[in-house]
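**Q** Let's see this in three dimensions:
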Amino acid sequence: MGTYNGVGIQSDYRFARRWGVKLAGVQQFGYERAAEYGRAGIGLLTYSLPTNFKLVEPVVGVGAVYSLYHWALAGDSGNVTDLNFGAGFGTNLRFNDRFRTGLNIFAVNGFRAEYQAGDMVVTGRRVVVFPTLTLDFFL
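**A** Numbers count the residues shown, from 1 in each chain. Below you'll find the predicted structure:
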């Protein structure tokens, strides 16, 4: 999977015809300082919406997001972590039983962090939206 500022790997498991679980790990890049990075672990309960077309597979999901931001500033460094709520929706194109691709939108109630008194602290919340391209290969 990939976004405009990150890449990741995902796993999708269907425990019923329409219901499943999607797990993903993401590495973000593009921060202002070279030593900074972000990582996220995402777990979603998903539902595939019914459609008359076998090629098109619309999906919605809700779940939890664990994020880590590693900061490095003025000779100090550390981590800011957060556990929060996320949701997503999108459409996959299923070309055969072993390959699909799609465009999905993922939204999370993310945090804002600022450097204060020698440490990085969470100072607020904001909704962050990630358009995501996916390529799924089923083993």
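**Q** which intervals of the protein have sub-threshold pLDDT?
**A** 139 (pLDDT under 70).
**Q** element containing K22?
**A** Here K22, judged by DSSP states H and E, is contained in strand 19-28.
**Q** Then V129?
**A** strand 119-137.
**Q** quick check: angle from that strand to strand 19-28?
**A** 120 degrees (axes from the mean of the first three to the mean of the last three C-alpha atoms, to 10 degrees).
**Q** The strand holding K22 pairs with which strands?
**A** strand 6-14 (antiparallel), strand 37-48 (antiparallel) (DSSP bridges).
**Q** how about the last one as PDB, C-alpha atoms only?
**A** Okay, so that is strand 37-48. C-alpha atoms of strand 37-48 as PDB (Å, rounded to 0.1, in the frame of the first residue of the first chain):
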ATOM      1  CA  TYR A  37      10.100   9.400  11.100                       C
ATOM      2  CA  GLY A  38       6.600   8.100  11.800                       C
ATOM      3  CA  ARG A  39       5.200   4.600  12.000                       C
ATOM      4  CA  ALA A  40       1.600   3.300  12.400                       C
ATOM      5  CA  GLY A  41      -0.100   0.100  13.000                       C
ATOM      6  CA  ILE A  42      -3.700  -0.100  11.800                       C
ATOM      7  CA  GLY A  43      -6.400  -2.700  12.600                       C
ATOM      8  CA  LEU A  44      -9.800  -2.500  10.900                       C
ATOM      9  CA  LEU A  45     -13.000  -4.500  11.000                       C
ATOM     10  CA  THR A  46     -14.100  -4.500   7.300                       C
ATOM     11  CA  TYR A  47     -17.300  -5.100   5.500                       C
ATOM     12  CA  SER A  48     -17.500  -5.600   1.700                       C
END
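**Q** quick one: secondary structure of P50?
**A** coil (DSSP: H, G, I helix; E, B strand; the rest coil).
**Q** Look at it and say how many residues are nearby.
**A** P50 has 8 neighbours, counted by other C-beta atoms under 10 Å. (C-beta placed from N, C-alpha, C; glycine too.)
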